[in-house]
Each structure stands twice: as C-alpha cells, then as structure tokens.
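>>> Let me see the structure of the following:
(chains A and B)
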2 protein chains.
Amino acid sequence: MADSKKMVEEITSMDVDFAKWYTDIVKKAELIEYTSVKGCMVIRPYGYAIWELIQKNLDARFKATGHENVCMPMFIPESLLEKEKDHVEGFAPEVAWVTHGGSEPLEERLCVRPTSETLFCEHYANIIHSHRDLPKLYNQWVSVVRWEKTTRPFLRSREFLWQEGHTIHATAEEAIEETERMLGVYADFCESDLAMPVVKGKKTESDKFAGAVSTYAIEALMHDGKALQAGTSHYFGDGFAKAFGIQYQSKENKLEYPHQTSWGVTTRLIGAIIMTHGDNNGLILPPAVAPIQAVIIPVAQHKPGVLDKANELKELLSKDFRVKLDDSDNSPGWKYSEYEMKGVPVRIEIGPRDIENNQCVLVTRHNREKTIVSLDNLQTEIAKKLEEVRVGLYNKALENRENKTYSCTTMDEIVTALEEKGDGFVKAMWCGEESCEDEVKEKTGVGSRCIPLNQEHISDVCVCCGKPAKHMVVWGKAY
Amino acid sequence: MADSKKMVEEITSMDVDFAKWYTDIVKKAELIEYTSVKGCMVIRPYGYAIWELIQKNLDARFKATGHENVCMPMFIPESLLEKEKDHVEGFAPEVAWVTHGGSEPLEERLCVRPTSETLFCEHYANIIHSHRDLPKLYNQWVSVVRWEKTTRPFLRSREFLWQEGHTIHATAEEAIEETERMLGVYADFCESDLAMPVVKGKKTESDKFAGAVSTYAIEALMHDGKALQAGTSHYFGDGFAKAFGIQYQSKENKLEYPHQTSWGVTTRLIGAIIMTHGDNNGLILPPAVAPIQAVIIPVAQHKPGVLDKANELKELLSKDFRVKLDDSDNSPGWKYSEYEMKGVPVRIEIGPRDIENNQCVLVTRHNREKTIVSLDNLQTEIAKKLEEVRVGLYNKALENRENKTYSCTTMDEIVTALEEKGDGFVKAMWCGEESCEDEVKEKTGVGSRCIPLNQEHISDVCVCCGKPAKHMVVWGKAY
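Prediction:
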C-alpha cells in the first residue's frame, strides 16, 4: 500500500495544474521521452503500441472505403511547393529546409514535407490522362515536419506521425462527397473506438487549410474545457489541378480539370485520448486502442496453484483479448497503481480464495467498480466489461461536454458563462463576417471552432453585430 | 492475342539488357513512379502493398522474438552524430542537412537520419540505469536518407523505407546472440517467404558498418549473377555505450557498460524479389508477399452464369487468400498478360464449358503450367498451387545460384570462370589481409561479399598471396 500511494502522489492533480498533469502522464505512463532535438520526441513502446492500434483500426476503415496506401518522398523542391499560391503562403513560413547533401550545397533547396499535396499533384499529372484513370483514392502513413515555436508532446510537435489521404475525382460532386465521407469515417472512429464524442463541422474562411475551397473538421472538448481539433478533411475544387496542369480526357472527349480532396489525423489523437478520459490516477484507455486490454494480477502469488491458474487464464484470454500477466515480485498494490497509471481498462485479480471458489475479481479502470465473476464464462465477462468501459468513457465524456456547452445570445452572456462555469464550447449565432469572428475572439477569448453540420437555432441575429445570422457556430479556446 | 503480344513486347528482354528489363518492370508493373526529387520515388499502391506484406511478416517475427516498436525523431543534431568517431566518419559525407526552420537559420544544423544509432543511444542513456532495465529490444519502421550519387529504384535511393532494430544488453554474449538470432530471422524470412536462397556470413573488416565490432549479412545472387546484400545485423560491443555514457548498475552493484546491436532490411528486398524471380513476361511474386495471390479471369464473361460463378468463387476464396476478380471489358488475353506482368502467382480461368463440367483452369505463373481442377475442393487446390509456386521459385533461384557459383583456387581460375560462365558467386580462400582482398577485386572484378558461417575447404592457401588461408570467402560483383 505504501508503494501504491507513492506512485499516485507522483502525478500532479488535474485540478491543480492540468498542463502539468498532462505531461506527468505522458512521461510516467512511458508514452514518450524527450530528446535533444527540440520539439521532437521518442514515442516509446507503450505510446507507439497505441498508435499502431489507431493505425490498424483506421487503415481497415480506409481500405473498406476503397483507399490504397502509397508512399511519397519526404522532400519537396522549393519550386514545387511554390506552384499553388495559397498553399505555399500557408506552409513556407514553417518548413524545415534541407540545403546540403553531404558537403555539397544543393542546386535547389528542399523542404521536409509539412503535408504532401504538391507531391501528389505532381504524381497525378504523370499518371492521370483519361476519365478511366479516375478516381484515385490514396493514403499514406508517414511523418511530417512543421517548425512550431512552442511544442507539447502529441499536441503540437515539430515532427509528428499522421496519415494523409489524397483523392482525385472527375467531378466536384464526387470530391465533396469524399470529403464528407472521410469526415464521417473520422467521427465514427473517434466515437466508436476512442469513446470520444466529436462535433462535425465546417471551418470558417479564416480557418481553412491553405489552398482549400472548404475545410471540415471534427472538434472534441477536453476535460479542462478546451477544444481540440481531432481531424480535418479538405475539399480543393480544381485549384490544385489548374496550378499543376492535371487534366483528363472526359467520356465526351473533352479535356477537363479533376477535383481533389485531402484529409488527415495525427498522433495528436493520443493527446486527445489522455485529456478526454484520463484522471488523477493516470491514463484511461478505450479498449479498442489499449495495448493491454486486461491485466492479470495474481494475489499471494507465492501460494501453490496461484501462478498456474493465472497462466491458465492468460492463455485462455489471449485468444480474444490483449492480455498481460504481471507475475513480477512487486506487491499487488504496486501493480494496481502501475496499471491504473497505464490506463488498462480491466484488471483481473486472482488469489487462493478466488481459485477455491472458481472465481476472480474484475475491476474496471474508469469507475474502479469491482465485480466477482465465475471463471466458467470469463471470456464473456471480460468482453462485457470492456464494452462497459467503452460506453462508460463515452458517456462520461459526453456529460462533460454537455456540462461545458453554453448557448449564448450576447457577448456578455459568453463572458459570464466562461467566467462562472469555466472554459467550454459556446454555441452562438454568427453573421458570416470575419470582423465579427475576430471581435468575438478578442472580447471573449473564444474563437470559432466550426460551423456544425447539425445546426441549431439559438437566436435570429449575430451574437456580435446584431445583423441577421447565417450560422450557428461552436466557439472555444483551442489546443 | 494481339493485345497480349503488344504488352509482352513492351518489356525489354532480360538477356538483351538486364538493367533496362528491371526498370521496365518497376514502371510497367506500377511499383514506382519517378518524381522531381532526384533519387526519390513514389511507391505506388501495388509496390507499397508488397512492402506492407513484407512488414507484416517481418513484424510478426520481430514481436515473436520479444521486440517492441518505437519511433525516434527523423533529425539528428550534428553534435549528436559526431559522438561516435567511426560512425560519423562513415555517415557524415552522405547525409542531408537541415539548416533553416522557416526563414530562421538553426543554431545547430540537423541531419535527416541516415540510421538512428545515435538517437537510440541518447535515449538509452536517459532510460537505462539498472540491470533491471536490460535488455531493451527495440525496432522502428521508418524511412532514412543517404545522399547517394547514382540511384536506382529500390536498389539504391536517396530516401528508402526500412526497419532498424536496436537492442541493448547486459553482456557481450547476449548481444552477439541477438545479432546472430536476427540474421537467422532475416535468412528464414527470405528463404521461406520470399523464396530467395541466401548465404549467411560475416563481412570483412573493410566492409563493416561504421562503428560496429562485427557486421553480419545475408547475400543473395540475382538472376544476372550479381550479388545483392539483402540484410545486415551488427554487433557494436560497448563502443557506443562508452561514447554516449550509457551505464547500468549490475546485480553486484557495479557500474557497467552495456552491449548493443542493430539490424535492418529495406525496400531493397523488393528489388531482390524482382531480380531473383522475374522473367521476360514481368514480375513473379512469392505468394507470401503477393498483394493478389490468385486472379480470377472469366472467359466469355458475357455468357449467362459466367460472372455469377466468378463472383461466387471470389467470395469463397477471399476467406483464405488475397483474390481479385477482373471483370473489366478487356479481353482474356489482355488480362493474362497484365497479371503475368504483375507477377500474380496463380491465375484462375473460368468459362461456360468449365462451369458445365464443375471445373476451372489453374495456371501457375512461374512455369505457366495449366491444371484443370474440380470446383469442389478449390481452396485446397489453390493452397497447393501457391505452395508449388513458392517451392518452384525457391528451387529455380537455388539452381541459378548453384549454376553460377564457382569454386576457384587461383586468380586465373576466377578470371576464367567469370569470363566463361558469366557473373556469379566465387568461392575462394583468403588469408585475412586487406591487401589481398583489394588485389582480388582489382584483378578479377569481384569483391568479398562475406565470410559464410558455413565454411567449406576449397584449398589450404589464400587465392591471392598463397599464404595459409584463414577463411573461405564468397566473392561477387555487388548491386
């Protein structure tokens, strides 16, 4: 018990300092380690295993919707980056430049990809000639680099892992449908697999991706009431096609410009999981992406038969679940704290008395509820508990979001709500003018997160200028 | 048939120009496409799917031997790269240097990793303190950059995909055992899954990895008689630990330096598959890494019932195999050529008469053998055929290697063998002196590939100087 207490005390309480609580968890759950490369991190085995499970679940969804994986170079020649005007303006200030190969200066400097639209466009121009070559539905799992000033593990780093989907279609309709489909895939993944409710919406003009006609996003609310953009999906129209000279011969034998999309999620999702579900005992992982779904902790393991039984259970359960047996010589109390810290959804305790009674104790991480179950149908019981954790996490997160969502009709109401109830999502109407968007941000501290696809009617007029409203916007402070 | 002929004629014959034949295949089987980034390529869906299968099969082997995946930054600060003297000398001349982030010059320039020993060492120094922290058995799947002058798709490119295993152990014995174990894992993967026989051996001193105590490699012989290094495994001793100040408290409470290894294979394996198995009709893929293991080609598909039956077979077979049904309106002849080009191991032809007789035709890619089989046990028949292809490919490659391996006792014999029989492996004895190694290369054109672990006795004396021989060396011209 002494051990157990000691470990728990090592984490800063989230109520005292949320930011410190967050970095304590990423370090102590051994998700990352810092390096001498500023803003870049080592993703350690436990953190990388979470990412591998995110990849596996998303990749299956991408393949089920007809996408193929490819791999583009990590470098973009400066002249290629410059081909689309808005795009280069958005990204050039934050790229890393390679200027030398060995001891020789390069003829043209290369940037390390911050995103790969330009490389995909160059490739499309090479391989697309006829309507028969369309659509191309591509994705790649790589890392990208953006030279950020301030960085935080998973949330904002100079290098991060992501997937970038890139597709090209004969018509605008098809491309828009794709943009929306992939937003839906992301939302479903976040809600089903990560147990994290999200708002699907469109970004305002000022918040669009550099070069996009429209940008869609999913926005999640973290435990501290700040918003996190968890994924984006962009519709490009034919702007890139025109800039890169991509044309195809239509069925009617005309030369046409195709329409493009791109969409991405990153290792930031791991940060979202931590800040949506974690508590003062550490991480809490949704079962779909938990490297260990159930940990078996033998009690009084030196007594005859205990380890044999624990090993038997491990073998049995490993067919259906990711299971670990911890038979190290640490105390059960130490182990309880350790796997709570690591966010393992279900703990299985088994000791001599349990074995006598053909039972074991199951403890669910999110609510620490204990259940005694028979060993006869343990697989079913574990499956049930994992589903309980998933649903429990989702409901808790949704409740948090609902408690922290404020419908406001005036600027004063926004200020008061945030002051009295703390950071959260603000729902308020907007006329569509950038000047009002800026003024809301300046006067209340919350910026527009998105224009939700599910619109609600809060009032008739813009919360800022009082002119007729065009949209209900969700506002918030962003990570 | 006209279509079919046309496609086949598009590939240069390997007997006319092996290098051209190779690049024809990588382009026409749609494995890669060139880019405006010199020496870097797009790996297209079909090529990337092969890499994904290589990854999947190898990753399972790594995990089964206790390794965990991690992810290190892609950048290495110059001062970190310089910490181990031999290592920096080996790599500094061929790295890409990042000198600017956005518009600001960096305080210290960063290289894009050519390999990650230095990053792993920095990390080990942070996380290893006690003998309880050892061993660490890590691996990462990433891309690396080496600024090569001349490049060829898959075989030598400025950026390539690979895995790099990095492990650290309490004792030299454990580390050496690991080095040899992973060489064995590579050899088994190449021989079982890629159907490619390899020679396991040790590199000579002059050919070691920069910073290694010893380097092991697997060497394969390509169809044209040139050697290809297919994978390497390095033992570092405690040199890196000393350079990076990595120490652990032993059980006896002493501070000790741990011992390290690293090992890697790359997308070069795809080049090896092409040049080991391919023929004048295109690629031939070993079933374990074939994105399509069997392609169903309906004959007279407009006739009633043909497409229904083809779809039924596809559904049935998809449970156990990677299957594609091509029901496009191209002619069967065109399709035969197309999937031969793409190296699909088994073709399934089904037409009205076959359906009447409850049968189909199976054609194996490597020998074009046709077999009529009953539809009643098609799964079993396909599994049998895939195994036939695997064994057939292995035996063909082994036969090629045996026909092109020459045991020689004098320099003259080497020259004559190569002249008369063409490029290949030369087995000849060596005294161990670098001067003799150089002289053999200079006078015969073949360099030492490795000192095979399975030694044979060709003669008592060095093929070059006539002094007592220490090792049998396999010599060859290398890719």
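
>>> Go ahead and confirm residue A:271 touches residue A:157.
No: with contact defined as Cβ atoms under 8 Å, residue A:271 does not count as touching residue A:157 (9.9 Å). (C-beta placed from N, C-alpha, C; glycine too.)

>>> What is the burial count for the residue of the stretch 201-350 of chain A found nearest chain B?
The stretch 201-350 of chain A approaches chain B most closely through residue A:267 (8.9 Å), counting by Cβ to the nearest Cβ. Residue A:267 is flanked by 26 other residues according to other Cβ atoms under 10 Å in any protein chain shown.

>>> Quick check, pLDDT for it.
Note on residue A:267: pLDDT of 98.

>>> Please tell me I have it right and it contacts residue A:161.
Yes: under the criterion of Cβ under 8 Å, residue A:267 makes contact with residue A:161 at 4.6 Å.

>>> Overlap of the contact sets of the two?
A:43, A:51 (Cβ atoms under 8 Å, 6 or more residues apart in numbering or on different chains).

>>> element containing the residue positioned nearest the centre of chain A?
In chain A, the centroid-proximal residue (Cα atoms, centre = their mean) is residue A:269; its distance is 2.2 Å. In the assignment (DSSP states H and E), residue A:269 maps to helix A:268-277.

>>> From the contact counts, what lies against that helix?
Where contact means 3 or more Cβ pairs under 8 Å, 6 or more residues apart in numbering or on different chains; DSSP states H and E, helix A:268-277 is packed against helix A:18-28, helix A:45-64, strand A:227-237, helix A:378-403.

>>> In the first one, which residues are buried?
Neighbour counts over helix A:18-28 (16 or more other Cβ atoms under 10 Å in any protein chain shown) mark A:18, A:21, A:22, A:24, A:25, A:26, A:27, A:28 as buried.

>>> now do the second one
Within helix A:45-64, the residues that count as buried by 16+ other Cβ under 10 Å are A:45-55, A:58-59, A:62.

>>> quick one, helices of the stretch 201-350 of chain A?
A:239-244, A:268-277, A:306-318, A:332-341 (DSSP state H, counting those that start in this stretch).

>>> quick one: contacts of the first one?
By Cβ under 8 Å, 6+ apart, the residues outside helix A:239-244 that reach it are A:83-87, A:117-118, A:121-122, A:124-125, A:168, A:211, A:213, A:246-247, A:257-260.

>>> Report the inter-axis angle for the helix holding residue A:269 versus helix A:378-403.
80 degrees (axes from the mean of the first three to the mean of the last three Cα atoms, to 10 degrees).

>>> what does helix A:268-277 rub up against?
A:22, A:25-26, A:31, A:47, A:50-51, A:54, A:152-156, A:160, A:190, A:194-196, A:220, A:222-224, A:228, A:230-231, A:283-286, A:289, A:343, A:366, A:393, A:396-397, A:479.

>>> can you do 7 Å?
Defining contact as Cβ atoms under 7 Å, 6 or more residues apart in numbering or on different chains, one finds that helix A:268-277 is touched by A:22, A:25-26, A:31, A:47, A:50-51, A:54, A:154-155, A:194-196, A:220, A:222-224, A:228, A:230, A:283-286, A:393, A:397.

>>> List the beta-bridge partners for residue A:160.
residue A:144 (DSSP bridges).

>>> That one contacts residue A:266, doesn't it?
Yes: if you go by Cβ atoms under 7 Å, residue A:160 and residue A:266 touch, sitting 5.1 Å apart.

>>> more crowded one of the two?
residue A:266 (25 against 21).

>>> Lowest mean pLDDT among the helices and strands, pick that one out for chain A.
Lowest by mean pLDDT, DSSP states H and E among the helices and strands of chain A is helix A:2-9, with a mean of 46.

>>> and the nearest residue to residue A:156 once chain neighbours are set aside, how many neighbours?
Of all residues not flanking residue A:156 in the chain, residue A:148 sits nearest, at 5.5 Å (Cβ to Cβ, 6 or more residues apart in numbering or on different chains). Counted with other Cβ under 10 Å, residues neighbouring residue A:148 total 17.

>>> The closest residue to residue A:255 other than its chain neighbours: how many residues sit nearby?
Nearest non-adjacent residue to residue A:255, counting by Cβ to Cβ, 6+ apart: residue A:247, 4.8 Å away. Number of residues near residue A:247 (other Cβ under 10 Å) recorded here: 17.

>>> Residue A:247 touches residue A:170, doesn't it?
No: applying Cβ under 7 Å, one finds residue A:247 not in contact with residue A:170, separated by 11.4 Å.

>>> Could you pull up the mean pLDDT of stretch A:13-22?
Stretch A:13-22 comes out with an average pLDDT of 96.

>>> Restrict it to CA atoms and write it as CSV.
C-alpha atoms of stretch A:13-22 as CSV (Å, rounded to 0.1, in the frame of the first residue of the first chain):
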residue,chain,number,x,y,z
SER,A,13,-3.7,16.6,-9.8
MET,A,14,-5.5,17.8,-12.9
ASP,A,15,-7.4,20.3,-10.7
VAL,A,16,-4.2,21.9,-9.6
ASP,A,17,-2.4,22.1,-12.9
PHE,A,18,-4.0,20.5,-15.9
ALA,A,19,-0.9,21.1,-18.2
LYS,A,20,1.4,19.6,-15.6
TRP,A,21,-1.0,16.6,-15.0
TYR,A,22,-0.8,16.0,-18.8
